[in-house]
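Undergrad: coords please:
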Amino acid sequence: FCGSMNEYGNKYGPLKEDMKSGKLETLYAKSKYKLTNFGLKFFKKTKTDFFSVRPSYVYGPYQREGTLVDLLIKAFKKKTTLKMSQCSSYRDYIYVEDVAKGIMKIALVEKKIETGIYNLGSGKCITIRNFITIFCKLIRFNNKFLKFGAIPDKKEQKQLKSYMVCIKIRKNLKWSPNSNIKFGLSKMAKIIL
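TA: Numbers count the residues shown, from 1 in each chain. Presented below is the predicted three-dimensional model:
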């Protein structure tokens, strides 16, 4: 099952696989959390191994329409202004290729490994604003087109300054994500330029 970092709710600091969730505010976070718990309980009574992979904030080229990255790329290509919130929230970003590799590692493992929740994240967090600024510098998109604070924040699961700790995938598969934020954004920039 593909869960989400949002299942930790409004927790602060390091997010570990064995910790209890904080306050869940959105239907998305609540649904992911309920499905993970259902799977953990249901498959505990069977011979089937159940894994819930919880990626942090995934980024990469070809994002779903309407996402921040999609809107940013469109504004860049059209040389138009992008109105945004203050973008002061923190996120643990992970490049899409690392998520795919992590899921494949778990899905194709031939030995018996610990089941349950597996975090997939970079282990670091930066503000959304910093993420945008780094990317814009790489694609040479002029800051004059970025209007921070022009729109109000949208209702999301409250995510405090937190980051994923990927203990289980390191312990059981001796693997961790490769890409730091600049490396992943550079790869993305090359694709869109």
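
Undergrad: mind jotting down where the strands sit in this protein?
TA: 13-15, 51-55, 57-59, 82-83, 90-91, 93-95, 116-120, 126-127, 146-147, 162-164 (DSSP state E).

Undergrad: can you tell me how far the spatially most central residue of the chain is from residue 3?
TA: Nearest to the geometric centre of the chain sits residue 57, at 1.5 Å (C-alpha atoms, centre = their mean). Distance of residue 57 to residue 3, computed by C-beta to C-beta, to the nearest Å: 13 Å. C-beta here means a position set from N, CA and C on the backbone, and glycine is covered the same way.

Undergrad: how about the contacts made by residue 7?
TA: 21, 24, 29, 32, 33, 36, 54 (C-beta atoms under 8 Å, 6 or more residues apart in numbering).

Undergrad: and the residue nearest to the centre of the chain, how far is that from residue 90?
TA: 10 Å.

Undergrad: could you list the low-pLDDT ranges of the protein?
TA: Scanning the chain for pLDDT under 70 picks out 155-158.

Undergrad: top helix in it by residue count?
TA: helix 27-44 (DSSP state H).

Undergrad: report all helices and strands that that helix contacts.
TA: Using 3 or more C-beta pairs under 8 Å, 6 or more residues apart in numbering; DSSP states H and E, the elements in contact with helix 27-44 are strand 51-55, strand 116-120.

Undergrad: which residue, other than its chain neighbours, is closest to residue 134?
TA: residue 185 (5.6 Å; C-beta to C-beta, 6 or more residues apart in numbering).

Undergrad: check residue 57 too.
TA: Residue 57 sits nearest to residue 91 (C-beta to C-beta, 6+ apart), 4.5 Å away.

Undergrad: and that neighbour, how far from residue 3?
TA: Taken as C-beta to C-beta, the span from residue 91 to residue 3 is 16 Å.

Undergrad: equivalent analysis for residue 185, please.
TA: 25 Å.

Undergrad: just give me the neighbour total for the nearest residue to residue 11 once chain neighbours are set aside.
TA: Nearest residue to residue 11, sequence neighbours excluded (C-beta to C-beta, 6+ apart): residue 22, at 4.3 Å. The burial count assigned to residue 22 is 19, neighbours taken as other C-beta atoms under 10 Å.

Undergrad: which ones are touching residue 22?
TA: 8, 9, 10, 11.

Undergrad: quick one: the helices in this structure, in order.
TA: Assigned by DSSP H, the chain shows helices spanning 27-44, 68-78, 96-107, 128-139, 167-173, 181-192.
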